[in-house]
Each structure stands twice: as structure tokens, then as C-alpha cells.
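[1] What follows is a predicted protein model with its sequence.
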Amino acid sequence: MPSPIPFGERLRSAMQACGPLCVGIDPHPALLEAWGLDDTAEGVRSFSLTVVEAMAGAAAILKPQVALYERFGSAGFAVLEETLAAAKSANLLTLADAKRGDIGSTMDAYATAWLDDRSPLASDAVTLSPYLGYESLRPALDLAAATGRGVFVLGLTSNPEGPSVQHVGGENSVAKAIIDQVTKENAAAEDLGHVGLVVGATIGDAPEKLGIDLTASKAPLLTPGLGAQGATAQDIAKSFASSYSQVLGTSSRDILKEGPNVVALREKALRVRDELVAAG
Ligand SMILES: O=c1ccn([C@@H]2O[C@H](COP(=O)(O)O)[C@@H](O)[C@H]2O)c(=O)[nH]1
């Protein structure tokens with residue numbers, strides 16, 4: 001069996017072809033209502049398939065927020081499976097925003113669920129929480145590498161509560177310890193590695209203050225916080241400066257509020273994408 005193409009290479013090709021944008025699929029009750037859909041699994045299905053249709057060729061990757069499917073139990077997971085399959089058929093990469101993290105033995109099962117070729121939920125990448133210790137993520141890190149998939153580890157999150165944990169330690173912060181491990185993991189990559197980082201668009205000068213070198217990490221940098229949480233493409237360009245070529249700008253509600261019209265959704269995504277390109 002030939003080795004799979006590494007996730008970092010696949011992501012870079014998608015970013016070159018479609019631009020540095022990740023569109024989040026977050027079917028919140030208020031958005032479903034605004035789109036004239038019921039807050040049911042069927043409503044979430046219609047919402048998700050419309051986003052997939054609108055984003056083909058306009059986004060490098062789609063990020064379904066797993067929590068918003070999970071609230072409908074098995075019916076929600078069936079819709080998520082269908083959404084992942086539709087994205088694959090439309091040549092869109094997928095990042096399941098599940099933020100999984102547990103002791104190693106349980107992590108094995110999470111890795112199988114999100115990163116094994118045989119799983120109906122297999123995605124191109126999954127988000128992981130490293131707060132049980134970076135090495136507890138090993139089953140997912142290794143399975144992702146073996147299957148040509150990726151993971152995005154929480155580093156500096158976009159929410160205002162994040163610093164109360166992630167900045168602890170100052171020059172030897174919790175976030176720096178995590179990011180140093182990611183740097184080691186991606187050391188052999190020529191460009192982007194298979195281990196990405198979640199680093200919010202709202203973080204301001206935190207990397208500088210904490211002595212964190214994001215460029216050296218070779219991590220694809222997922223930057224939630226753009227749009228609905230108040231950050232702009234210019235904010236990202238300022239915070240990320242030398243690592244900007246690694247940035248995958250991500251936005252959910254600010255784009256999704258343009259639906260359900262497919263053309264309006266796509267045009268908004270293209271505007272956000274063009275702003276990200278221009279800011280660099
Ligand atoms: O630090 C983080 C990590 C993840 N998220 C997720 O991204 C989207 C953001 O949605 P917007 O509507 O663009 O605000 C959402 O799914 C979050 O759970 C984040 O915001 N920050």
C-alpha cells in the first residue's frame with residue numbers, strides 16, 4: 001500500500017488552490033431559525049448540505065462544530081456523517097471540531113472514531129485538547145500521521161477565559177510547553193506538519209509576551225475569533241506576522257448569517273478569504 005500524502009501537504013495544496021480560509025459549520029438554533037429551518041436534525045442536515053454546496057472551491061477546509069450535531073444524539077451524528085461525506089465529494093477537506101482529550105487508552109478510541117479510514121466519522125483532521133498532558137494525545141498523533149490526516153491541538157484559544165490557564169507560568173507558560181511539543185512533532189516536515197495548533201485571532205501580542213515562536217512550530221494555525229468574536233484579518237496579520245503563511249483563518253457565524261442563499265454565502269466567504277489574502 002503506498003503511503004498516504006501527509007495532511008500538511010494536502011492542506012497546503014488546498015490553501016494554494018482555494019485560499020487560506022476555513023469555514024465553520026455551526027448550526028446554532030438562532031441561525032437555523034434565521035434560515036427558516038427547524039431546530040431538528042433535519043434542519044441541521046439542510047443547513048450543513050447548503051454550506052457544503054456554497055463553499056466548494058471557496059474554502060480550503062470546512063469545520064463542523066461537533067457539539068451542534070451531538071445535541072440531537074444518533075440522528076445528529078448521522079447528519080454529521082452525511083455532511084463529512086458530502087464535503088469529501090465536493091473536494092473539501094474536513095476538520096471535526098470535537099476537542100477530544102483523555103487518558104491514552106480512551107484516546108485510542110477517540111483516534112479511531114475521527115481518524116481511522118474505516119470510521120464513518122473519519123475526517124481529514126480533528127481538534128484535540130492537550131490538558132491531560134500532551135503525550136496523552138499520542139494515539140491520535142500517531143494515527144493521524146499513519147493515515148495522512150491531521151490534528152489541531154488547542155494552544156492559545158480565542159475565548160477571554162483561555163489565558164487563566166494557558167498563560168500560567170509566564171515565560172514558561174502552559175501554552176509554550178504545549179507548543180514546544182508540537183514543534184518537536186513537526187520537526188521533519190518541510191513546510192506544514194500534520195500537527196496544527198488552535199491559536200485564536202483574538203490573542204493580540206500573547207505569543208511575543210510568552211516567548212512563543214509559532215513559525216518554528218511548522219504547525220498549520222487555525223485562528224478562530226475572526227468575525228463574530230471581533231477579530232479582523234488585520235488583527236491576525238499583526239499577531240502572526242512571520243507565521244502568517246501558516247494561518248488558516250476561520251470563521252463561522254459571520255459567514256453563516258448570510259444564508260440560506262448559496263450565492264450570498266459563497267460571496268461572503270470569498271470576501272473574507274480576499275481580506276485574509278490582502279492582510280498578508
Ligand atoms: O479557541 C477556540 C477554539 C475553537 N473555537 C470554535 O470555533 C468556532 C468559532 O465560531 P464563530 O462563530 O466564528 O465565533 C466555534 O465552533 C468555536 O467553538 C473558538 O471559537 N475558539
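    Nice, thanks for sending it over.

[2] Which residue ranges of the chain form strands?
    Counting by DSSP state E, the segments of the chain that form strands are 21-25, 61-64, 93-100, 125-128, 150-156, 195-199, 221-223, 247-251.

[3] Whether the fifth one contacts the ligand - can you check?
    Okay, so that is strand 150-156. No: using Cβ under 6 Å from any ligand atom, we find that strand 150-156 stays clear of the ligand, coming within 6.6 Å at best. No exception for glycine: its C-beta is placed from N, CA and C like everyone else's.

[4] Please identify the buried residues of that strand?
    Neighbour counts over strand 150-156 (16 or more other Cβ atoms under 10 Å) mark Gly150, Val151, Phe152, Val153, Leu154, Gly155, Leu156 as buried.

[5] Just the closest of those residues to Leu21, please.
    Within the buried residues of strand 150-156, the smallest distance to Leu21 is 15.2 Å, found for Phe152 (Cβ to Cβ).

[6] Does that closest one touch Gly196 like I think?
    Yes: with contact defined as Cβ atoms under 8 Å, Phe152 reaches Gly196; the gap is 3.9 Å.

[7] which neighbours do the two share?
    Residues touching both Phe152 and Gly196 (Cβ atoms under 8 Å, 6 or more residues apart in numbering) are Ala125, Pro220, Leu222.

[8] Could you check the pLDDT of Gly170?
    Confidence at Gly170, expressed as pLDDT, is 95.

[9] what's the answer for the one 5 residues further on, then?
    Looking at Ala175, its pLDDT stands at 98.

[10] Who's the closest spatial neighbour of it, skipping the chain neighbours?
    In this structure, Ala175 finds its nearest non-sequential neighbour in Gln166, 4.1 Å apart by Cβ to Cβ, 6 or more residues apart in numbering.

[11] need the contact list for that neighbour.
    Applying Cβ under 8 Å, 6+ apart to Gln166 gives the contacts Gly155, Leu156, Thr157, Ser173, Val174, Ala175.

[12] Widest-spaced pair of those?
    Thr157 and Ser173 (13.2 Å).

[13] thinking again about what came up before, can you tell me which of the contacts of Gln166 is nearest the ligand?
    Minimum distance to the ligand across the contacts of Gln166 is 3.1 Å, recorded for Thr157 (Cβ to the nearest ligand atom).

[14] Counting neighbours, what do you get for the residue nearest to that closest one when sequence neighbours are not counted?
    Of all residues not flanking Thr157 in the chain, Gly200 sits nearest, at 5.5 Å (Cβ to Cβ, 6+ apart). Neighbours of Gly200 under the rule other Cβ atoms under 10 Å: 27.
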